[in-house]
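J.: need the 3D shape of this:
(2 chains)
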Amino acid sequence: MTDSQAMNQRIDQPLSQNIKADGSVTTLAEYQSNYGYQGLAKALSMSPSEVVDWVKSANLRGRGGAGFSAGLKWSFVPPLEKLPGQRYVICNADEMEPGTFKDRWLMEHDPHQLIEGLAIAAYAVQADTAFIFLRADYDLCAERLQHAINEAKAAGLLGEQLNDAGFSLTMLLHTSAGRYICGEETALINALEGKRAIPRSKPPFPQVSGLFGRPTVVNNAETLCNLPHILYHGIDWFANLGIGDDNGTKIYGVSGRVNNPGCWELPIGTKVADILALAGGMQDGVQLRGFLPGGGSTDFLTLDHLDLAMDYGTIQHAGSRMGTGTMILLDDQTCVVGMVLNLIQFFAQESCGWCTPCRNGLPFIRQILTELEEGRGQHEDLEHLLELCGYIGFGNTFCALAPGAAEPLQSALKYFREDFVAHIEQGCCPHGNSPKVNTGLEKEAIL
Amino acid sequence: MTPIIATDAAATCADWRLQIDPLNEHEETAITAQIHHYPQPQAATIEALKIVQEQQGWVSDGKLKAIAQRLQMSPDEVESVATFYNKIYRQPVGRTVISLCDSVSCWIMGYQGLAQALTQELNIALGETTADGALTLLPAPCLGACDHAPVAMVGDHRAHKLTPTSLILLARQAREHSS
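T.: The predicted model follows:
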């Protein structure tokens, strides 16, 4: 066995290997002592199209939720000979999916990993400018990323003439002013152009005409963090990390009434139950009823699904989506109607208002759910809600926000219909103390 | 034919230039640096709004117009951006803003109790500012710290695993520091 093979066998948590228990940031020196920036060095010794092919063969799927192959996404950027001139890469670090905190964890603790990954992506598509689009509230990430960019620049890892072919890269940090829709890649591009973050019509796809009308690739932060390791250790190593059909690891997370909420890097395809075990089980006196597998815009799954592998195909087959891989748990002390109302309130508030089904449909659903939660609902409301889920579903809206909002609602009506019925029949919320969400009017008053 | 409409429009256009609250030296320098990152000045709108807000606490009409002039935009264009984003304040806020996460994980873990305790303590509703101008209380969409729920931002400090008591204590500390 060669040294590199021995090392490959040891490393099964590449993305989190530098993360320290005390929460402090990995410095450039620490990062470099553990093959940091060697993945980039390797990429820079290859041709850009070789890097694209390498990542395509590794079948690295987008970790932001959609699961699209990163290498394939890059390959849609026209070759420089056909379309010369400026092109961009953007890291989507606008992590605002309810219940999701994995990118923050990676960026706060190991910012150089993201910077190296983004530089590799930039080289692959021949972009000389890379943006990190960071959500507004991640102040600590912003501070640490900017410091790390400065460190990398000072060390000559970013900047002019990074390889013999003369590849140069400027990396800029953009902190958002806060809107969930900025996570949609074309809305993100509008936000970066200083506009309202409204999704664009596709085609043209950003790879052909994106930021300022130039070819642009947008990749999620966790996706990019995989690149240095894939370049350094190779495709076979990456393929062997996964358990099922998918390759690599995944940052899984759990929040809700568990003893040890958090996130963990595990082989992609780890069973739901094994992830929940790491979360230390439910708190005393609380029973698990169901879970949203990958953020607020995924369908509920139930106790029948605990043995499923958390990968793209398996969770989709079960009627939901792996999404961001960060689970939100529903317990027996929490009112499911209230929980769905809270989610719908979020999506109604964060809708950009561009298309009617989303702008009008979500507040309409919020109204019906509020009445149900307060015990003023009717039996026919449930059919009406399902009908509305159809109106705001895929094909009727401009982007995926409203169809995503429909997912927890339609699945709650499927699996927990008796809870909705109990609200109607008892004329009140059976949980009694179930929190009433604020309507957002308070917020609108100031903004 | 009396060109009343045209005259009014011209008067309005002339008017807004009179109401500009000019950018101070720091704002001008910082915004200029941001403009250089982009091929067109308009792309720096969000940065410009944030720079002014950092200096002034909020974005007044006068400052918004100054930004418009600097970025070669109409005030309405800048306003359309300013009103779109959650974190741009178009009204004065307290010296410290407390953003209480009201999204799903924090809601499950006790958001409502926190909101109730804090609004009672401060005697204001969500979205309001205390009479002494020390604190503004805002509901916030998911802050991305669900593993530490329930959470809030007190100024730029993210506070974890809050209880009504610990949140009230943080609010009192913030009020003392700001006076």
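
J.: can you tell me the SS state at A:Asp22?
T.: coil (DSSP: H, G, I helix; E, B strand; the rest coil).

J.: could you report the distance from it to chain B?
T.: Distance, A:Asp22 to chain B, using Cβ to the nearest Cβ, to the nearest Å: 15 Å. Every residue, glycine included, has its C-beta placed from N, CA and C.

J.: closest residue of the stretch 201-350 of chain A to chain B?
T.: In the stretch 201-350 of chain A, the residue that lies nearest chain B is A:Ser255 (3.7 Å; Cβ to the nearest Cβ).

J.: for that residue, give me its contacts.
T.: By Cβ atoms under 8 Å, 6 or more residues apart in numbering or on different chains, the contact set of A:Ser255 is A:99, A:101, A:261, A:326-329, B:105, B:108-109, B:146-147, B:149.

J.: so the residue positioned nearest the centre of chain A, which state does it fall into?
T.: By Cα atoms, centre = their mean, chain A has its centre lying nearest to A:Gly64, at 3.0 Å. Assigned by three-state DSSP, the conformation of A:Gly64 is coil.

J.: in what helix or strand does the most centrally placed residue in chain B lie?
T.: Nearest to the mean C-alpha position of chain B, by Cα atoms, centre = their mean, lies B:Tyr89 at 2.7 Å. Using DSSP states H and E, B:Tyr89 sits in no helix or strand.

J.: please apply the same query to the one 10 residues further on.
T.: For B:Ser99, the element it lies in under DSSP H and E is strand B:96-101.

J.: close to chain A, is that strand?
T.: Yes: judged by Cβ under 8 Å from any Cβ of the partner chain, strand B:96-101 comes into contact with chain A through B:Ser99.

J.: so how far is the helix or strand following that strand off the chain centroid?
T.: Going down the chain from strand B:96-101, the next helix or strand is helix B:104-108, by DSSP H and E. Here the centre of helix B:104-108 is set off from its chain's centre by 24 Å, with Cα atoms, centre = their mean, to the nearest Å.

J.: got it, and stretch B:165-178?
T.: With Cα atoms, centre = their mean, you get 20 Å for stretch B:165-178.

J.: does the helix or strand harbouring B:Gly62 reach chain A?
T.: Here B:Gly62, judged by DSSP H and E, is contained in helix B:61-70. No: Helix B:61-70 does not reach chain A (Cβ under 8 Å from any Cβ); its nearest approach is 10.6 Å.

J.: so which residues make contact with that helix?
T.: So helix B:61-70 is contacted by B:16-17, B:19-23, B:28, B:31, B:41, B:45, B:48-49, B:52, B:56, B:59, B:73-75, B:77-79, B:82, B:90 (Cβ under 8 Å, 6+ apart).

J.: can you name the element that comes right after it?
T.: Helix B:61-70 is succeeded, C-terminally, by helix B:75-82 (DSSP H and E).

J.: would you mind extracting the C-alpha trace of that following helix into CSV?
T.: The C-alpha coordinates for helix B:75-82 follow below in CSV (Å, rounded to 0.1, in the frame of the first residue of the first chain):
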residue,chain,number,x,y,z
PRO,B,75,-34.1,57.7,-6.0
ASP,B,76,-37.0,55.3,-6.8
GLU,B,77,-34.7,52.7,-8.2
VAL,B,78,-32.6,52.8,-5.0
GLU,B,79,-35.8,52.8,-2.9
SER,B,80,-37.0,49.7,-4.7
VAL,B,81,-33.9,47.9,-3.6
ALA,B,82,-33.8,49.3,-0.1
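
J.: can that helix be said to contact chain A?
T.: Yes: against chain A, helix B:75-82 shows contacts by Cβ under 8 Å from any Cβ at B:Ser80, B:Val81.

J.: what angle sits between that helix and helix B:61-70?
T.: 110 degrees (axes from the mean of the first three to the mean of the last three Cα atoms, to 10 degrees).

J.: check which helices and strands helix B:75-82 sits against.
T.: The contact analysis (3 or more Cβ pairs under 8 Å, 6 or more residues apart in numbering or on different chains; DSSP states H and E) places helix B:75-82 against helix B:45-56, helix B:61-70.

J.: so what touches it?
T.: A:194-196, B:16, B:42, B:45-46, B:49, B:59, B:61, B:64-65, B:67-68, B:71, B:88, B:90.

J.: are any of those residues buried, and which?
T.: With neighbours counted by 16 or more other Cβ atoms under 10 Å in any protein chain shown, these contain buried members at A:194-196, B:16, B:42, B:45-46, B:49, B:59, B:64-65, B:67-68, B:71, B:88, B:90.

J.: which among those residues gets closest to A:Phe394?
T.: Minimum distance to A:Phe394 across these is 23.5 Å, recorded for A:Arg196 (Cβ to Cβ).

J.: which residue sits closest to the closest one, ignoring its sequence neighbours?
T.: What sits nearest to A:Arg196 in space, not counting adjacent residues and going by Cβ to Cβ, 6 or more residues apart in numbering or on different chains, is B:Phe84, at 4.3 Å.

J.: okay, and that neighbour sits in which element?
T.: Here B:Phe84 is assigned to no helix or strand, by DSSP H and E.

J.: where in chain A is pLDDT low?
T.: For chain A, applying pLDDT under 70 flags the ranges A:1-10, A:433-447.

J.: most residues in a single helix of it, which one?
T.: Scanning chain A for the helix with the most residues, using DSSP state H, yields helix A:356-373.

J.: show me how far that helix is from its chain's centre.
T.: Distance of helix A:356-373 from the chain centroid (Cα atoms, centre = their mean) equals 25 Å.

J.: so does that helix get close to chain B?
T.: No: remark: helix A:356-373 sits outside contact range of chain B, by Cβ under 8 Å from any Cβ, the gap being at least 12.4 Å.

J.: now for that helix, which elements pack on it?
T.: Against helix A:356-373 (3+ Cβ pairs under 8 Å, 6+ apart) you get helix A:336-350, helix A:380-391, helix A:401-415, helix A:417-426.

J.: list the buried ones in it?
T.: Quick answer for helix A:356-373 (16+ other Cβ under 10 Å): A:357-358, A:361-366, A:368-370, A:372-373.

J.: before we move on, back to that, now the angle from the helix holding B:Gly62 to helix B:45-56?
T.: Using the same axes, to 10 degrees: helix B:61-70 against helix B:45-56 is 140 degrees.

J.: same question for helix B:61-70, mean pLDDT?
T.: Averaging pLDDT along helix B:61-70 yields 96.
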